[in-house]
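Peer 1: Pasted the sequence and its predicted model underneath.
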Amino acid sequence: MINAIEISGLTKSYGRHRGVKNISLQVSRGDIFGFLGPNGAGKSTTIRSILGLLRFGQGEIKVLAMDSRKQQKEILSRIGYMPSEAMFYPSMKVRDVIRFAADMRKRDCEEEAGRICQALEVDMGKKIGELSLGNRKKVSIVCAMQHKPELLILDEPTSGLDPLMQEAFFKLVLDYNSQGTTCFLSSHVLSEVKRYCKHAAIIREGEIIRTDTVENLSKSNLRRVRVWEKGEERSFSYTGDMKELIRELNETSLSDVLIEEPGLDELFMHYYLPKDDIVS
């Protein structure tokens, strides 16, 4: 099967400032792929390179089997892109921005745009300048999705959305994905990647450090242990044999004990730490 995105050896630098180094990854068609990393890790640089919006020094990128540099126009006609920051002319009304985005693609998207606006509770009569960050995000979502693209590239799409709108947004993503749309989702929100993505790559300081299924990335024998002894509470992380832990706990005068899986943030934190802070 042809991959939706293929990146090989992508390197982009900004003088003395870090960009991305030797990025390689593949996104299968029909996948919901999470691109996970802290702010400043290189997620947006990678995405802009995929879109042909940045010139990169080394590497090769293919999108829907097309060269990102030589066939940018054809690629952009078949994808939907939502940038991390939604910028529109402030004097334009929402409906005019959405219609303008459809007209640029020479597509009649009125019916689909209406469906998305209803799902996200978008007020089409307001001017862009009157909207909050979250409501501008909604307009950006409509512009990215209304033409039913083969590939959705979403850069930090839920920032600024309240929890209800985040849920409505992901319902739309799942709906498009069920119809064959591939989704490439950049995020630093661990929980949404675990809940909605099938595969993910983790980027730190401009380099991919791991790519796998989200299920495998989330697996760990790490446990958080909380014990109460003589009215005092202490907690620690444990990765050893559980039978040995229980044997040791039985030899103490405990009043209570709680053993639980770590939170997702704790589990992934070692991926987010700068290289110099990691202790193996």
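Peer 2: Here it is on my side, so go on. This one's a predicted model, so the numbers in the text were calculated from it and none came from an experiment.
Peer 1: buried set for stretch 78-85?
Peer 2: 79-84 (16 or more other CB atoms under 10 Å). All C-beta atoms are positioned from the backbone trio N, CA, C, and that covers glycine.
Peer 1: And for stretch 11-23?
Peer 2: Buried-residue list, stretch 11-23, by 16+ other CB under 10 Å: 12, 18-21, 23.
Peer 1: Out of these, which two sit at the greatest distance?
Peer 2: 18 and 23 (12.4 Å; CB to CB).
Peer 1: shared neighbours of these two, which are they?
Peer 2: Taking CB atoms under 8 Å, 6 or more residues apart in numbering as the criterion, residue 18 and residue 23 both touch 42, 206.
Peer 1: Show the residue spans covered by the strands in the stretch 51-200 of the chain.
Peer 2: 58-63, 66-67, 79-82, 151-155, 182-187, 199-204 (DSSP state E, counting those that start in this stretch).
Peer 1: Parallel or antiparallel, which strands does the shortest one pair with?
Peer 2: So that's strand 66-67. When pairing is defined by DSSP bridges, strand 66-67 lines up against strand 58-63 (antiparallel).
Peer 1: Any idea what residue 186 is bridged to?
Peer 2: With DSSP bridges as the rule, residue 186 is bridged to residue 35, residue 155.
Peer 1: Next, work out how far apart it and residue 79 are.
Peer 2: 14 Å (CB to CB, to the nearest Å).
Peer 1: what does residue 145 give?
Peer 2: 11 Å.
Peer 1: what's the answer for residue 169, then?
Peer 2: Counting by CB to CB - residue 169 and residue 79 are separated by 18 Å.
Peer 1: and if you look at residue 44?
Peer 2: 16 Å.
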